[in-house]
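In: the following block contains a protein sequence and its predicted model.
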Amino acid sequence: MPKISEHEFQQLESELSLADSLNCSRLLCPMPVIKTQNKLKELAEGEILKILCTDPGTMADIPTWSRINDIKVLGYAEFSDHTIQFLLQK
């Protein structure tokens, strides 16, 4: 899924049941991807993980990693507070 607006992300998040969240604020590549990979190992198939990042590179890194590893990106958005948030489904 392509990048969506902050409002669309919040609406999507409100419709989903999140299994867990992961704060990767102030972490630089490759740490957000590594922490995401490790957290997803703890989740069951179909569960949803919310990720909070501040590294702009994650807008390319996490969707690319997800595509390679058959993880579904439900949506991601850049927020007015300069965070990037992702919703991934294992």
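Out: Arrived safely.
In: what's the local residue count around residue 41?
Out: Residues within reach of residue 41, counting by other C-beta atoms under 10 Å, total 8. Just so you know, the C-beta spots here come from the backbone N, C-alpha and C atoms, and that holds for glycine as well.
In: helices of this protein, residue ranges please.
Out: In the chain, the helices defined using DSSP state H lie at 6-15, 31-41, 58-68.
In: can you put the ones you listed in CSV and add distance to residue 84?
Out: Converted to CSV, those look like this (distance: least, C-beta to C-beta, whole Å):
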stretch, distance to residue 84
helix 6-15, 10
helix 31-41, 9
helix 58-68, 6
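In: can you verify my assumption that residue 87 contacts residue 47?
Out: No - the criterion here is C-beta atoms under 8 Å, and residue 87 misses it with residue 47 at 11.3 Å.
In: between these two, tell me which one has more neighbours.
Out: residue 87 (22 against 15).
In: okay, the nearest residue to residue 29 once chain neighbours are set aside and residue 24: tell me how far apart.
Out: Nearest residue to residue 29 in three dimensions, chain neighbours excluded: residue 57, at 5.0 Å (C-beta to C-beta, 6 or more residues apart in numbering). Distance from residue 57 to residue 24, counting by C-beta to C-beta, to the nearest Å: 11 Å.
In: and these two? Which one has more around it.
Out: A side-by-side neighbour count of residue 57 and residue 24, using other C-beta under 10 Å, places residue 24 first with 23 against 14.
In: the more buried one pairs with what?
Out: residue 53 (DSSP bridges).
In: low pLDDT regions in this structure?
Out: Where the chain drops to pLDDT under 70, the residues are 1.
In: what residues sit buried inside stretch 36-53?
Out: Across stretch 36-53, burial judged by 16 or more other C-beta atoms under 10 Å covers 36, 39, 40, 48, 49, 50, 51, 52, 53.
In: oh sorry, the question was meant for stretch 15-23
Out: In stretch 15-23, counting by 16+ other C-beta under 10 Å, buried: 19, 22.
In: residues contacting that stretch, please?
Out: Here stretch 15-23 makes contact (C-beta atoms under 8 Å, 6 or more residues apart in numbering) with 35-36, 39, 42-44, 47-52, 74, 87.
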